[in-house]
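Engineer: What follows is a predicted protein model with its sequence.
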Amino acid sequence: MGSKNKLKRFRENETFDNVIQPTREEVIGGFQHKGKWQAFFGNENPIVLELGCGKGEYTIALAEKNPDKNFIGIDIKGARFWRGAKTAIENNMKNVAFIRTQIELIDFIFAEKEVSDIWITFPDPQIKYKRTKHRLTNSDFLKKYHHILKPEGTINLKTDSEFMHGYTLGLLHGEGHEILHANHDVYKDHYSPEEVTGTQTFYEKQYLEQGKPITYVKFRVKY
């Protein structure tokens, strides 16, 4: 994507009422929507997050299929989720929002037990050992998710990375969390949930064309 195109998208994001782009200081210093997300959406419906949402394809697809829930896509790259934000506005989808921020700040953005479910779709697996702290399913992130999730809230990890899938399963078993569903190839398993197989992101389609299996884990964090 050219720099001019990125700048155009950044400027357009600033005009979207479904895009929030706080500074780090605003988030840490007392984020205005923390604990008030249902007021932001104007209803009392459950809040569902997509972390590292990219172009927002999953956020949009889930929001279309679940109008009785509110969906928030989070990514640090605003030029990516511009597409999702624009689609939501064009289709008058009032149950969609996007936040441009770092995922490690998530517990400053949402209050305790404010979120119903979390989706992590095709994250960077951060394979090198020194990058462990950046894996979105490491212990530190799981504790943050546990804090903002309701007691029965679930986390969904969908990835083409066998490494990320195996790392997450090993950690969940080791720490005693509750695994609700685990699958090494969702498109070959007749029991895969429709919300997993019914939506494919741009990158997922590329992975499938390359013959890569898509893995999935659904779990609850228990502390």
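Structural biologist: Ah, there it is. Owing to the predicted nature of the structure, the values given are computational and were not obtained by experimental measurement.
Engineer: what about the protein, any weak spots by pLDDT?
Structural biologist: The chain contains residues with pLDDT under 70 at 1-3.
Engineer: please redo it, this time with the cut-off set to 90
Structural biologist: 1-15, 77-80, 189-191, 201-203, 223 (pLDDT under 90).
Engineer: Need the residue closest to the centroid of it.
Structural biologist: Glu50 (1.8 Å; CA atoms, centre = their mean).
Engineer: contacts for the host helix or strand of it?
Structural biologist: Assigned by DSSP states H and E, Glu50 belongs to strand 47-51. When contacts are defined by CB atoms under 8 Å, 6 or more residues apart in numbering, strand 47-51 is touched by residues 37-38, 56, 58-59, 62, 66, 69-74, 103, 106, 110, 114-121, 123, 136. Any C-beta I mention is one placed from the backbone N, CA and C, and that applies to glycine too.
Engineer: I would like a PyMOL command selecting only the buried ones among these, please.
Structural biologist: Command for PyMOL, covering only those of the contacts of strand 47-51 found buried under the criterion 16 or more other CB atoms under 10 Å:
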select buried, resi 37+56+58+59+62+69+70+71+72+73+74+103+106+110+114+115+116+117+118+119+120+121+123+136
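Engineer: among the contacts of strand 47-51, which are in helices?
Structural biologist: 37-38, 58-59, 62, 106 (DSSP state H).
Engineer: Could you identify the pair within these that is furthest apart?
Structural biologist: Greatest spatial distance in those: Gln38 and Tyr58, 21.5 Å, computed using CB to CB.
Engineer: for the ones in helices among the contacts of strand 47-51, which one is nearest Glu209?
Structural biologist: Using CB to CB, the ones in helices among the contacts of strand 47-51 come closest to Glu209 at Tyr58, 18.6 Å.
Engineer: ok, that closest one - contacts?
Structural biologist: 50, 73, 119, 121, 199, 201.
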